[in-house]
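Asks: Build the 3D model from these lines:
(chains A and B)
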Number of protein chains: 2
Amino acid sequence: MAKVLTSREENYSQWYNDLVIKADLAENSAVRGSMVIKPYGYAIWEKMQSVLDKMFKETGHQNAYFPLFIPKSFFSKEASHVKGFAKECAVVTHYRLKTDEDGKIVVDEDAKLEEELIVRPTSETIIWDTYRRWIQSYRDLPILINQWANVVRWEMRTRLFLRTAEFLWQEGHTAHATKNEAIAEAETMLKVYADFAENFLALPVLQGVKSPNERFAGAIETYCIEALMQDGKALQAGTSHFLGQNFAKAFDVTFVTKENKQELVWATSWGVSTRLMGALVMAHSDDNGLVLPPKLAPIQVVIVPIFRKEEELAAIGKKVEPLIKKLKGKGISVKFDNRDTHKPGFKFAEWELKGVPVRLAIGPRDLANGTVEVARRDTMEKDILQIEGIDDKIENLLIQIQKNIFQKAFDFRANNTFNVDTWEEFKAQVEKGGFIYAHWDGTAETEQKIKAATKATIRSIPIDGKIEEGKCIYTGNPSKQRVVFARSY
Amino acid sequence: MAKVLTSREENYSQWYNDLVIKADLAENSAVRGSMVIKPYGYAIWEKMQSVLDKMFKETGHQNAYFPLFIPKSFFSKEASHVKGFAKECAVVTHYRLKTDEDGKIVVDEDAKLEEELIVRPTSETIIWDTYRRWIQSYRDLPILINQWANVVRWEMRTRLFLRTAEFLWQEGHTAHATKNEAIAEAETMLKVYADFAENFLALPVLQGVKSPNERFAGAIETYCIEALMQDGKALQAGTSHFLGQNFAKAFDVTFVTKENKQELVWATSWGVSTRLMGALVMAHSDDNGLVLPPKLAPIQVVIVPIFRKEEELAAIGKKVEPLIKKLKGKGISVKFDNRDTHKPGFKFAEWELKGVPVRLAIGPRDLANGTVEVARRDTMEKDILQIEGIDDKIENLLIQIQKNIFQKAFDFRANNTFNVDTWEEFKAQVEKGGFIYAHWDGTAETEQKIKAATKATIRSIPIDGKIEEGKCIYTGNPSKQRVVFARSY
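Replies: Residues are numbered from 1 along each chain as shown, chains lettered A, B, ... in the order given. Presented below is the predicted three-dimensional model:
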């Protein structure tokens, strides 16, 4: 099979698009900026959902569902929120179509909404409008709710998974009696996200907070996990916001304390989205296709029979049947690719493209010898092993592959993380990519000037970062801690 | 605790609304016709989703995700579909808001879409537009895809779960090479729905097809499951459509057959929605609250300690700990309601309201005697049993309760199913409610006249119905089979 992908070196951006489409993850739809998530891509997203959902429930959260539409006036209630979200959004203005004189379908102007509805770009406003009715007393707190939903942000430049007009996500929205409890919640969810990223996505992440410029519109503090992609650009993989009492103030949500006082409620919100699919692809995959961490791979093991005659296929089928049963018994997903319409070479390339972690190939000679060829996707290494007891070896191999994919990404990040102390060095390094630890004077002006000059932004202010006196790379003003700069997705 | 619900006899409709709200299933939101599904209600929906999703996958389907927005022109492509769906819908006309001179947030008239977008009322059009790109050859068929999604239909009169502007559902969309295969698929999914309704919702359903008047807009045949509610009205609980080649024609989806001919693709679609939540409530619940079938109850067993002093609570807690562990080991969800803020009587009423199938109460005297009080929600019967070995008894009890709830609904339906042969009798029976088997001359005109006169519609034309010569109750014209009439939700 000919190479189906542009190589990363040739054109990283094209490689990504090729891969997303050719590995059957997603494609563009007839609606500008909206993607179709194809079954193979959706199966990976379902695995992510299932793991995260379990983690949310284990940390005491429940799921619920809030309306897709938000009255326009709700956005005006929280001043900084409206600036961030009410601009590029889908606006519903009418609720009926009709057939005109020429038989064409047109909007019925008589069916104009009194107040326009906004398709949710995020749900803080509609949820806090609801929480007002749910919260009277400290006994009603905390409220720990998550929602799996679609949201819409009218992005002008879109890319599959990374930036689409409509995307899928989860959004947690919690309400607390005290500031400390809300901060603890925001921090807990950051840890949940980091745990998920490292142990399932196999993606090492920096944990930190955002500078004021990069904060969520309406947040007091935005915690984030930040990952490094293979082209040296950063990708924000999840955020958790301490919202203070901003939304409680905007929507008049108060509660009676144990001491019988009326107080405003404290809030957090946190989310990850189908953007994680983009991170997964860009962090690990290669010029042959996807490299999926076994824990998120819809198919963990594929078995390709090598045969010419029907009888050979039948004999192989019979031989692998007990193996398939054993693997399934271990909770390992297996596919026996017994199609007679394609040659083994085609199948090998296809399953490499789709990132299946382990491939077994078995032909008539293997039958005679009691062997099987085992190929791992991450290193492309092959080995001939005895089929007897192979199930235990495969189980271990999947664990090793998961670890190796993480380690590779970890080493890549280590090799692409730099301490930089001068402006010239900084500019040069930004061009080359990577996480750049540099001193910054702490002002929004300087941050904006650096961004204007280099397109690099502060991705993360490390939590528990080393206190280290230094001078801002741009202004030379004093700084107490390095922050992490990078260009980003 | 005082009665919190209007009784069914007093006002069935009010009883339903009270119950949905007071049992914390859902509530109305600030957006007309859109509901908030609360955590307890959503937990039931999640159980439904999880069972159905497994059933879909076992029958060979995969999940995917298609865009929320559909270009207006897509609706014009299938003539009968546009009549049914493009009328009452949410229309997105703009993609930006701005702040006007007075500082108010207004729609930016410069950001008007060239073509309006419709928020999906159902996804046949956008999906068949996509399938055109996916299908070239018979090798690409069948496509067996399901989507879990939100949809919007601009209903004027809304009721929680039963009819809301936005609702959650799943929609299956399949593509086939032959007519017979598509019909078999539509029938398979009807069976899946019937199985789910009877074995999980504990809801006996009639399986049949719809008359042309009641058919899905764009379908050749609509298969349906129809259930009877406690007030004698019918509720359509799921539909599966054989769409023929209508959408393939509209979206130009053809394939090359094995014989190298170009042919149009055959289609089905099928769906159930959060409406099932309404069916669940209305079919089984009583004046004390929800009665949940154990298989869909978020909490299957609640343990209420009876105590005055902290030490008593501690002793009870210690006693029930191994029991809770055993029950959880059997996959039974248990809640130990150890709140010290409420009295046992309050808790009993609350868990009755929420429909928890089994309640255990245990006090100091039980501790002394090694006993526990077991109360079942469906019959409200109580019994004092030895705590030793109670876990096995509870496991059996849950199975019995599931069966009993189904049996009760089955008997209710049997007692409210009537063969009627005259128009006078028919009119009288419609007023009283129930499923009415009557002869009909097979014409849409007669069906409409009957509906205009009585508000009863044909709910189902039984599949494999008994062939029985008769005369139409309205026109006296000949008929070969009784059909099922009822007023409906």
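Asks: The closest residue to residue A:5 other than its chain neighbours: neighbouring residues, count only.
Replies: Once flanking residues are discounted, residue A:5 sits nearest to residue A:18: 4.8 Å by C-beta to C-beta, 6 or more residues apart in numbering or on different chains. C-beta coordinates here come from the backbone N, C-alpha and C atoms, glycine included. Counted with other C-beta atoms under 10 Å in any protein chain shown, residues neighbouring residue A:18 total 16.
Asks: in terms of contact, does residue A:18 touch residue A:3 like I think?
Replies: No: counting by C-beta atoms under 8 Å, residue A:3 is not a contact partner of residue A:18; they are 10.0 Å apart.
Asks: Pull up the overlap in contacts between those two.
Replies: Shared contacts of residue A:18 and residue A:3 (C-beta atoms under 8 Å, 6 or more residues apart in numbering or on different chains): none.
Asks: just to revisit the earlier point, need the contact list for the residue nearest to residue A:5.
Replies: Residues near residue A:18 by C-beta under 8 Å, 6+ apart: A:4-6.
Asks: who wins for neighbours among these?
Replies: When neighbours are counted by other C-beta under 10 Å, residue A:5 leads the contacts of residue A:18 with 21 neighbours.
Asks: I'd assumed residue A:235 was in contact with residue A:226.
Replies: Yes: in terms of C-beta under 8 Å, residue A:226 counts as a neighbour of residue A:235; the distance is 7.3 Å.
Asks: which residues are common contacts for the two?
Replies: Contact criterion C-beta under 8 Å, 6+ apart; no residue bridges residue A:226 and residue A:235 by contacting each.
Asks: what helix or strand is the residue nearest to the spatial centre of chain A on?
Replies: Geometric centre of chain A, nearest residue: residue A:276, 1.7 Å, by C-alpha atoms, centre = their mean. Here residue A:276 sits within helix A:275-284, counting by DSSP states H and E.
Asks: Need the contact partners of that helix.
Replies: When contacts are defined by C-beta under 8 Å, 6+ apart, helix A:275-284 is touched by residues A:16, A:19-20, A:25-26, A:41, A:44-45, A:48, A:159-163, A:167, A:201-203, A:227-231, A:235-238, A:290-293, A:296, A:378, A:405, A:408-409, A:489.
Asks: The residues you listed also near chain B: which ones?
Replies: For chain B, the contacts drawn from these by C-beta under 8 Å from any C-beta of the partner chain are residue A:45.
Asks: gap between whichever helix or strand comes after the helix holding residue A:276 and the chain center?
Replies: Where DSSP H and E defines the elements, the next helix or strand beyond helix A:275-284 is strand A:301-305. Taking C-alpha atoms, centre = their mean, to the nearest Å, the mean C-alpha location of strand A:301-305 is offset from the chain mean by 29 Å.
Asks: cool, and stretch A:80-94?
Replies: Remark: stretch A:80-94 is offset 23 Å from the chain centroid, using C-alpha atoms, centre = their mean.
Asks: repeat for stretch A:193-203
Replies: That offset, for stretch A:193-203, works out to 10 Å (C-alpha atoms, centre = their mean).
Asks: again, but for stretch A:364-378
Replies: With C-alpha atoms, centre = their mean, you get 36 Å for stretch A:364-378.
Asks: For the stretch 151-300 of chain A, which residues are neighbours of chain B?
Replies: Selection of the stretch 151-300 of chain A residues close to chain B by C-beta under 8 Å from any C-beta yields A:152, A:154, A:166, A:168.
Asks: which residue ranges form the helices in chain A?
Replies: Per DSSP state H, chain A carries helices over the ranges A:12-22, A:39-58, A:72-75, A:79-85, A:124-134, A:179-199, A:246-251, A:275-284, A:310-329, A:344-353, A:364-369, A:390-415, A:423-432, A:444-454.
Asks: Now the fourth one - C-alpha only, PDB.
Replies: When you say that, I think you mean helix A:79-85. The C-alpha coordinates for helix A:79-85 follow below in PDB (Å, rounded to 0.1, in the frame of the first residue of the first chain):
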ATOM      1  CA  ALA A  79     -19.800  41.500  32.600                       C
ATOM      2  CA  SER A  80     -16.600  39.700  31.700                       C
ATOM      3  CA  HIS A  81     -18.400  36.600  30.600                       C
ATOM      4  CA  VAL A  82     -20.300  38.400  28.000                       C
ATOM      5  CA  LYS A  83     -17.100  39.800  26.500                       C
ATOM      6  CA  GLY A  84     -15.700  36.400  26.200                       C
ATOM      7  CA  PHE A  85     -18.600  34.400  24.900                       C
END
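Asks: Per-residue confidence at the nearest residue in space to residue A:69 that is not next to it in sequence, what does it come out as?
Replies: Using C-beta to C-beta, 6+ apart and skipping residues adjacent in sequence, the residue nearest residue A:69 is residue A:117, 3.9 Å away. Predicted confidence (pLDDT) at residue A:117: the value is 97.
Asks: Residue A:117: neighbouring residues, count only.
Replies: With other C-beta under 10 Å as criterion, residue A:117 counts 25.
Asks: is it true that it touches residue A:90?
Replies: No: in this structure, residue A:117 is not within contact of residue A:90 by C-beta under 8 Å, at 9.3 Å.
Asks: Name the residues linked to the closest residue to residue A:442 other than its chain neighbours by a beta bridge.
Replies: Spatially, and ignoring its direct neighbours in sequence, residue A:442 is nearest to residue A:479 (6.8 Å; C-beta to C-beta, 6+ apart). Beta-bridge partners for residue A:479, by DSSP bridges, are residue A:470.
Asks: if I read this right, residue A:479 contacts residue A:443, doesn't it?
Replies: No: counting by C-beta under 8 Å, residue A:443 is not a contact partner of residue A:479; they are 10.4 Å apart.
Asks: Of these two, which one has the most company?
Replies: Taking other C-beta under 10 Å, residue A:479 and residue A:443 do not tie; residue A:479 has more neighbours (20 against 15).
Asks: who touches the more buried one in this structure?
Replies: Contacts here follow C-beta under 8 Å, 6+ apart; on that basis residue A:479 touches A:439-442, A:469-472.
Asks: now, which of the residues you listed sits nearest chain B?
Replies: residue A:442 (29.8 Å; C-beta to the nearest C-beta).
Asks: State the distance from residue A:76 to residue A:317.
Replies: 65 Å (C-beta to C-beta, to the nearest Å).
Asks: And for residue A:88?
Replies: 54 Å.
Asks: and if you look at residue A:287?
Replies: To residue A:317, residue A:287 is 33 Å away according to C-beta to C-beta.
Asks: And residue A:87, by the same measure?
Replies: Between residue A:87 and residue A:317 the computed distance is 59 Å (C-beta to C-beta).
Asks: In terms of neighbours, single out the busier of the two.
Replies: Legend: neighbour count by other C-beta under 10 Å for residue A:87 and residue A:317, higher for residue A:87 (19 against 16).
Asks: is it true that the more buried one touches residue B:95?
Replies: No: with contact defined as C-beta under 8 Å, residue A:87 and residue B:95 do not form a contacting pair (9.7 Å).
Asks: Could you count how many residues lie near the residue in the stretch 201-350 of chain A positioned nearest to chain B?
Replies: Residue nearest to chain B within the stretch 201-350 of chain A: residue A:341 (6.8 Å; C-beta to the nearest C-beta). The number of residues packed near residue A:341 is 6, by other C-beta under 10 Å.
Asks: ok, it to residue B:139 distance?
Replies: Noted for residue A:341: a distance of 7 Å to residue B:139, by C-beta to C-beta.
Asks: And for residue A:328?
Replies: Distance, residue A:328 to residue B:139, by C-beta to C-beta: 27 Å.
Asks: how about low-confidence regions in chain A?
Replies: Chain A contains residues with pLDDT under 70 at A:1-2, A:86.
Asks: Could you give the bridge partners of residue A:70?
Replies: residue A:118.
Asks: Please give the number of neighbouring residues around it.
Replies: Using other C-beta under 10 Å, residue A:70 has 29 other residues around it.
Asks: need the contact list for it.
Replies: By C-beta under 8 Å, 6+ apart, the contact set of residue A:70 is A:117-120, A:123, A:125-126, B:31.
Asks: ok, now with 10 Å
Replies: Going by C-beta atoms under 10 Å, 6 or more residues apart in numbering or on different chains, residue A:70 touches A:85-86, A:89, A:116-127, A:129, B:29-31, B:34.
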